[in-house]
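In: Any chance you can model this:
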Amino acid sequence: MTTTSLRERKKVETRQAIHEAALRLVAENGTAHASVDAICSEAGVSTRTFFNYFPSKVSAIVGLSSFEVTDAQREAFLHNDGERWLVRDLCTLVGGIMDASARDGSDRQAIRELLHRRPELTPDVIKFAAELRHDIVLLASRRTTPERAQLSVAMVMSAVDCALHRPLETDAFEGGAEEFAEWLFGAVTTMQAVCRDSLD
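Out: Numbering: from 1, shown residues only. Model prediction:
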């Protein structure tokens, strides 16, 4: 049985306090009025402490320092070769990353509610995820051409955007990585059907 040290617990609490303060201030006042200084004041931390946990205001709102592809996820994705199962494997990869973000303390339901109330925040969240998108495109390019990798990742990330903007009473994020990956693949398959039907 592993025990968490007092120092580690304190770090988790501080990180969570900053994240919750950022969510609260943006929900109440909008993005423009939720400055880093205001978040620090609300959370009871210094600016230096803030930047020890988060690189930007948006990362504090999302509750993550960054989205990351782990070595294990990279290896699993590259286990298959070529375009066969590429989109499904991308859905599995992104589902795993989103699931890990929840375990790291990101309150996805609160973020979804915030995006519904404050749609002006959406471009900032998309910008925050741009680095992850870049990493995934590079990874997908190892299985297909760069152009087809870009398009495949664009479809999956569009499905993620759809999940974030679904009605609040429905939650594509429930059930963990596997269920979310299946939901993403279903959404991409529906996009494909819409394109096919509109071109007939």
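
In: For stretch 65-78, list every residue counted as buried.
Out: Residues 67, 69, 73, 77 are the ones in stretch 65-78 that count as buried (16 or more other C-beta atoms under 10 Å). All C-beta spots, glycine's among them, are computed from the backbone N, C-alpha and C.

In: Which helix or strand contains the spatially most central residue of the chain?
Out: Nearest to the mean C-alpha position of the chain, counting by C-alpha atoms, centre = their mean, stands Met98 at 5.4 Å. When secondary structure is defined using DSSP states H and E, the element that contains Met98 is helix 86-103.

In: One more: Ala72?
Out: helix 71-79.

In: Give the other helices and strands that that helix contacts.
Out: In this structure, helix 71-79 packs against helix 86-103, helix 130-140, with contacts taken as 3 or more C-beta pairs under 8 Å, 6 or more residues apart in numbering; DSSP states H and E.

In: and stretch 156-168, which residues are buried?
Out: Buried residues in stretch 156-168, defined by neighbour count with 16+ other C-beta under 10 Å: 156-157, 159-160, 162-164.

In: hmm, back to that, may I see the helices and strands packed on helix 71-79 arranged in JSON lines, with distance to Thr14 and mean pLDDT as well?
Out: As requested, those are arranged in JSON lines below (distance: least, C-beta to C-beta, whole Å; pLDDT from 0 to 100):
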{"stretch": "helix 86-103", "distance to Thr14": "18", "mean pLDDT": "84"}
{"stretch": "helix 130-140", "distance to Thr14": "24", "mean pLDDT": "90"}
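
In: and of those, who's closest to Ile111?
Out: For these, distance to Ile111 was read as C-beta to C-beta. The smallest value, 9.8 Å, belongs to helix 86-103.

In: Past that closest one, which element shows up next along the chain?
Out: As assigned by DSSP H and E, the chain's next helix or strand after helix 86-103 is helix 108-117.

In: quick one: that following helix to helix 86-103, angle?
Out: Relative orientation of helix 108-117 versus helix 86-103 (axes from the mean of the first three to the mean of the last three C-alpha atoms, to 10 degrees): 100 degrees.

In: Low-confidence bits of the protein, can you list those?
Out: Scanning the chain with the threshold set as pLDDT under 70 gives 1-4, 100-108, 167-175, 200.

In: Could you pull out the helices in it for me?
Out: When secondary structure is read from DSSP state H, the chain shows helices at 6-29, 36-43, 47-53, 57-62, 71-79, 86-103, 108-117, 122-128, 130-140, 146-164, 176-199.
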